[in-house]
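Student: please find the sequence and the predicted model below.
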Amino acid sequence: MDKGKLGTREVVQVGIIVKDIEKTAAAYAKFFNVEIPEISVTVPPAGKKMYYRGAEGTATAKLAFFDVGTNLQIELIEPDEKPSTWREHLDEKGEGVHHIAFFVNDMETIEDTLEKDQIPVVQKGAYEGGKYAYLDAFEPLKVMIELLEND
């Protein structure tokens, strides 16, 4: 079975940009009848950098994760004021769905393939245990794509 350009068709996360993560996390917790999850702040692992639109960036965001299926999370993202795809989305589109995410293998090859299809990388970085890249697929797919690759 062909799994498309990503090597998978399984969405593992839906990311939602919010203005007030505490308030929105409480609303989701009430909606799902679960505890409010821990709210963390993005921090690149030692020696790793975050890049936004090709330049080194320092933006951070508050994150909260809700496991809503066997392999699906809802990620709430409250950006700081520094330049990032998160801040750009909040400023230009307001609150709402920012991305759908997929676990992939060989992220760089997939990035190259998608760039040739006019789906450029806008932000990339690392998290403890892996790396991520956001690609602007808004024109063809009406949403940002996030690639996740664990070490």
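Tutor: Sure, I can see it.

Student: what's the longest helix in this protein?
Tutor: Across the chain, the helix with the greatest residue count (assigned by DSSP state H) is helix 21-32.

Student: pLDDT on it, on average?
Tutor: For helix 21-32, the mean pLDDT works out to 98.

Student: offset the numbering so it begins at 49, please.
Tutor: All right, first residue 49 from here; so that's helix 69-80.

Student: contact partners of it?
Tutor: 64, 66, 83-85, 87, 110-112, 114, 116, 122, 124-126 (C-beta atoms under 8 Å, 6 or more residues apart in numbering). From N, CA and C alone the C-beta is placed, and that goes for glycine too.

Student: please save the CA atoms from that helix in PDB.
Tutor: The C-alpha coordinates for helix 69-80 follow below in PDB (Å, rounded to 0.1, in the frame of the first residue of the first chain):
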ATOM      1  CA  ILE A  69      -3.100  27.800  27.500                       C
ATOM      2  CA  GLU A  70      -4.300  27.500  31.100                       C
ATOM      3  CA  LYS A  71      -7.800  28.500  30.200                       C
ATOM      4  CA  THR A  72      -7.900  26.400  27.100                       C
ATOM      5  CA  ALA A  73      -6.300  23.300  28.800                       C
ATOM      6  CA  ALA A  74      -8.900  23.600  31.600                       C
ATOM      7  CA  ALA A  75     -11.700  23.600  28.900                       C
ATOM      8  CA  TYR A  76     -10.300  20.600  27.200                       C
ATOM      9  CA  ALA A  77      -9.900  18.700  30.500                       C
ATOM     10  CA  LYS A  78     -13.500  19.400  31.400                       C
ATOM     11  CA  PHE A  79     -14.600  18.400  27.900                       C
ATOM     12  CA  PHE A  80     -12.700  15.100  28.000                       C
END
